[in-house]
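**Q** Sequence isn't available, so here's the structure alone:
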């Protein structure tokens with residue numbers, strides 16, 4: 001056998017090592033594009049199947065090649081996911097992830113995977129979301145993104161400009177610190193523990209929006225609840241249930257959030273959106289299919 005020719009087992013091992021080395025990055029790309037860890041894992045399976053069939057001798061940049069496969073698979077999945085969301089029961093919220101403190105330490109990464117930002121990304125069309133994620137989060141060049149999304153670099157620049165403008169108009173105003181988020185959630189905890197809601201109501205924006213995701217499986221509001229009075233009424237009505245679930249602070253999607261347990265099992269994740277020091281969004285994820293990854297930390301990488 002020619003010394004320059006690798007055996008099939010060697011090629012498979014090299015492909016496996018490259019995939020494993022970049023897996024956390026690829027998962028993060030897919031998750032930021034989809035907002036669903038389950039779908040991101042499916043994308044990685046498809047990425048591996050395609051990568052395993054590639055002649056690595058023809059690949060100049062393995063990371064870029066893998067990101068390209070992942071992006072294309074995510075775009076296909078995102079379009080299918082859009083059709084599923086049309087028949088989803090009630091509001092759809094991203095699948096929450098228990099994240100390590102190092103995600104919170106990377107301010108840009110934490111912001112990009114926050115529940116608030118993922119909901120903003122939901123308002124982009126799929127191709128704009130892909131371009132925004134690759135450019136703004138992973139800092140890929142326009143030519144590299146063009147190859148990943150099968151567009152010209154000029155078209156990618158236009159897509160990036162539109163996506164940035166769209167996101168800028170909808171993202172939280174000002175830089176939101178983990179300390180601000182934790183403070184708001186601690187006010188929520190105190191309200192639950194004491195039964196006194198006023199400290200929490202004081203930091204609700206007049207136009208605060210409450211979204212509950214039960215997926216038709218767990219009890220949740222089927223439409224958004226808007227306004228401090230309406231949201232305060234919902235919280236007051238549910239206070240007894242909240243007490244029974246003893247909310248605990250945890251790092252979820254890069255920011256503090258509350259995890260509520262019932263009989264030892266995770267029942268709800270509650271995240272908040274903060275704008276200029278007040279709560280403008282409350283996000284309650286109760287669909288049990290979206291709570292399965294909260295038993296262990298998920299590693300995210302840029």
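**A** Happy to help now that I have it. Not measured: the values here are computed from a predicted model. Numbers count the residues shown, from 1 in each chain.
**Q** Which neighbouring elements make contact with the helix or strand of the chain with the lowest mean pLDDT?
**A** One helix or strand of the chain scores below all others by mean pLDDT, DSSP states H and E: helix 239-244, with a mean of 74. Using 3 or more Cβ pairs under 8 Å, 6 or more residues apart in numbering; DSSP states H and E as the contact test, the elements touching helix 239-244 are helix 178-194. C-beta: built from backbone N, CA, C; applies to glycine.
**Q** Go ahead and name everything in contact with stretch 150-157.
**A** The contact list for stretch 150-157, computed with Cβ atoms under 8 Å, 6 or more residues apart in numbering, reads 72, 127, 131, 135, 142, 143, 145, 146, 149, 159.
**Q** Filter the residues you listed down to the buried ones, PyMOL style.
**A** In PyMOL, this line selects whichever of those come out buried by 16 or more other Cβ atoms under 10 Å:
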select buried, resi 72+127+131+135+142+145+146+149+159
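**Q** can you list the contacts of stretch 150-157 in a markdown table and add secondary structure?
**A** Below are these laid out as a markdown table (DSSP: H, G, I helix; E, B strand; the rest coil):
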| residue | secondary structure |
| --- | --- |
| 72 | helix |
| 127 | helix |
| 131 | helix |
| 135 | helix |
| 142 | helix |
| 143 | helix |
| 145 | helix |
| 146 | helix |
| 149 | helix |
| 159 | helix |
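**Q** Throw the contacts of stretch 150-157 into a markdown table and include distance to residue 62, thanks.
**A** Formatted as a markdown table, the contacts of stretch 150-157 follow (distance: Cβ to Cβ, whole Å):
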| residue | distance to residue 62 |
| --- | --- |
| 72 | 16 |
| 127 | 25 |
| 131 | 22 |
| 135 | 21 |
| 142 | 21 |
| 143 | 17 |
| 145 | 17 |
| 146 | 19 |
| 149 | 19 |
| 159 | 26 |
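**Q** from the contacts of stretch 150-157, which is closest to residue 79?
**A** residue 127 (9.8 Å; Cβ to Cβ).
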